[in-house]
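[1] Predicted model and sequence below, questions to follow.
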Amino acid sequence: MNGSVTEPLAVIDCGSNSTRLLVDDGTGVTLARDARITRLSAGVDSTGRLALDAVERTMSVLDEYRVIARRLGARRGIVVATSAVRDAANRDEFVAHARARTGLDVRVLDGDEEASYSFDGATGDLVADVGTTVIVDVGGGSTELAARPDGVLHAASMQLGCVRVTERALGTGVVSAEGRVAAQRMIDLALDEVFARDPVWSSLVGGVRLLGLAGTVATLVQLEVGLAEYDRSVVHHHRLTRRAVTTWRDRLARESPEQRLAHPGMVVGREDVLVGGLMVLDAVMGRLGAGELLSSESDILDGVAAALRR
């Protein structure tokens with residue numbers, strides 16, 4: 001990825017649960033950010049295909065993003081797609097439609113690429129710390145871990161996300177004991193595989209600075225502080241304890257999606273899947289021995305934008 005550093009650029013992330021836009025002026029100054037819940041991954045886990053209505057929702061947002069980007073002078077950039085698209089049998093059809101609707105190149109990232117761009121984006125504005133920085137990006141269909149403890153990026157992508165855990169185990173209503181056990185088993189098995197595959201993760205236990213990315217973490221911050229309207233300056237780099245994660249996980253698990261929406265800070269479109277995301281987040285914190293995390297609103301969009309500017 002490369003291009004002129006003086007021309008505005010647009011980066012669009014077609015994620016499993018949301019579609020998001022970043023436009024910057026070509027030097028790293030943000031001109032616009034936006035996010036919409038599109039639930040592109042709905043049904044992918046069971047059918048292996050992107051559903052027509054999910055694709056239509058996403059394409060409608062891409063049409064709007066093209067208008068915004070062009071209005072701000074961004075005629076170059078890229079669309080990246082992650083778990084939902086890379087897992088789908090009709091991914092090539094989606095890529096062709098997205099390219100036609102945006103006029104931009106479209107790339108389906110593998111798990112390691114997703115983790116790498118997320119790490120670069122999330123750590124770009126951090127000061128040095130005594131611990132090794134680890135990012136956990138809880139998406140809709142997958143969760144990425146990334147760290148660079150020895151100068152080499154270590155990345156892991158798990159087939160876990162708030163939507164996938166919800167569809168496979170929890171269901172969208174009040175969480176049953178059976179559903180919770182099934183979800184925990186699913187999460188634990190995925191983490192077992194990660195730790196068995198790369199010994200670096202075990203070596204980091206108890207000594208990490210954990211950065212939490214994406215909508216699960218951002219929504220948790222808003223719930224914790226009672227933030228009815230999103231404010232990036234409040235959410236970005238807010239500290240969350242593991243106790244806050246488990247308290248909200250358990251509280252929301254006892255409620256219906258309608259009851260969850262009554263909490264100030266709950267994001268519409270996340271009320272039915274947030275418990276699954278919090279279960280993943282808690283399990284990762286437990287495995288890494290992290291008692292707290294730092295939320296980051298800088299993420300894969302920022303990492304991809306930085307690569308385009310180089």
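    In hand now; what should we look at? Numbering: from 1, shown residues only.
[2] buried set for stretch 96-107?
    In terms of neighbour count (16 or more other C-beta atoms under 10 Å), stretch 96-107 has its buried residues at His97, Ala98, Arg101, Thr102, Leu104, Val106. For the C-beta atoms, the positions are set from N, CA and C on the backbone; glycine is no exception.
[3] residues touching Trp201, list them.
    For Trp201, the contact set (C-beta atoms under 8 Å, 6 or more residues apart in numbering) comprises Leu145, His154, Ala156, Val194, Phe195, Arg287, Leu288.
[4] hmm, I was thinking of Gly28
    So Gly28 contacts Ala305, Ala306, Arg309 (C-beta under 8 Å, 6+ apart).
[5] still on that earlier bit, list the ones among the contacts of Trp201 that fall in helices.
    Val194, Phe195, Arg287, Leu288 (DSSP state H).
[6] between those, which has the most around it?
    Comparing the ones in helices among the contacts of Trp201 by number of neighbours (other C-beta atoms under 10 Å), Leu288 comes first, having 24 neighbours.
[7] What is the neighbour count of the residue nearest to that one when sequence neighbours are not counted?
    Sequence neighbours aside, Val208 is the residue nearest to Leu288 in space, at 5.3 Å (criterion: C-beta to C-beta, 6 or more residues apart in numbering). Look at Val208: counted by other C-beta under 10 Å, it has 21 neighbours.
[8] do Asp129 as well
    A count of nearby residues for Asp129, using other C-beta under 10 Å, gives 11.
[9] wait, doesn't it sit right on Arg209?
    Yes: counting by C-beta atoms under 8 Å, Asp129 touches Arg209, with 4.6 Å between them.
[10] hmm, back to that, among the contacts of Trp201, which two are most distant?
    His154 and Arg287 (14.4 Å; C-beta to C-beta).
[11] Would you map the strands across the stretch 151-300 of the chain?
    Residue ranges of the strands in the stretch 151-300 of the chain, as given by DSSP state E, counting those that start in this stretch, are 154-158, 208-213, 239-241, 292-296.
[12] any chance of the ones you listed in a markdown table, with mean pLDDT and distance to Arg39 too?
    Output for the strands of the stretch 151-300 of the chain, formatted as a markdown table (pLDDT from 0 to 100; distance: least, C-beta to C-beta, whole Å):
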| stretch | mean pLDDT | distance to Arg39 |
| --- | --- | --- |
| strand 154-158 | 93 | 20 |
| strand 208-213 | 96 | 19 |
| strand 239-241 | 97 | 25 |
| strand 292-296 | 96 | 22 |
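[13] need those in JSON lines with distance to Arg249, can you?
    Below are the strands of the stretch 151-300 of the chain laid out as JSON lines (distance: least, C-beta to C-beta, whole Å):
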{"stretch": "strand 154-158", "distance to Arg249": "18"}
{"stretch": "strand 208-213", "distance to Arg249": "14"}
{"stretch": "strand 239-241", "distance to Arg249": "12"}
{"stretch": "strand 292-296", "distance to Arg249": "14"}
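[14] and the helix or strand bottoming out on mean pLDDT in the chain, how far out from the chain's middle?
    Taking mean pLDDT, DSSP states H and E as the measure, the helix or strand of the chain with the lowest value is helix 44-47, at a mean of 86. Put simply, helix 44-47 sits 19 Å off its chain's centre (C-alpha atoms, centre = their mean, to the nearest Å).
[15] what sits up against that helix?
    Counting by C-beta under 8 Å, 6+ apart, Ser16, Leu50, Ala51, Ala84, Asp87, Ala88, Gly141, Val163, Arg164, Glu167, Arg168 sit against helix 44-47.
[16] Now, the residues you listed that are in helices?
    Members of those lying in helices (criterion: DSSP H): Ala84, Val163, Arg164.
[17] What about the last one, how many residues nearby?
    Counted with other C-beta under 10 Å, the burial measure for Arg164 works out to 28 neighbours.
[18] ok, now which ones touch it?
    Neighbouring residues of Arg164 by C-beta under 8 Å, 6+ apart: Ser16, Ser41, Asp45, Ser83, Gly140, Gly141, Ser142, Gly276.
[19] ranges for the helices of the stretch 51-200 of the chain?
    For the stretch 51-200 of the chain, applying DSSP state H, counting those that start in this stretch gives helices covering 52-71, 83-86, 91-102, 111-123, 162-165, 177-197, 200-204.
[20] can you redo these as a markdown table with mean pLDDT and distance to Arg249?
    Compiled in a markdown table, the helices of the stretch 51-200 of the chain are given as follows (pLDDT from 0 to 100; distance: least, C-beta to C-beta, whole Å):
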| stretch | mean pLDDT | distance to Arg249 |
| --- | --- | --- |
| helix 52-71 | 96 | 26 |
| helix 83-86 | 89 | 22 |
| helix 91-102 | 96 | 32 |
| helix 111-123 | 91 | 23 |
| helix 162-165 | 93 | 12 |
| helix 177-197 | 97 | 10 |
| helix 200-204 | 96 | 22 |
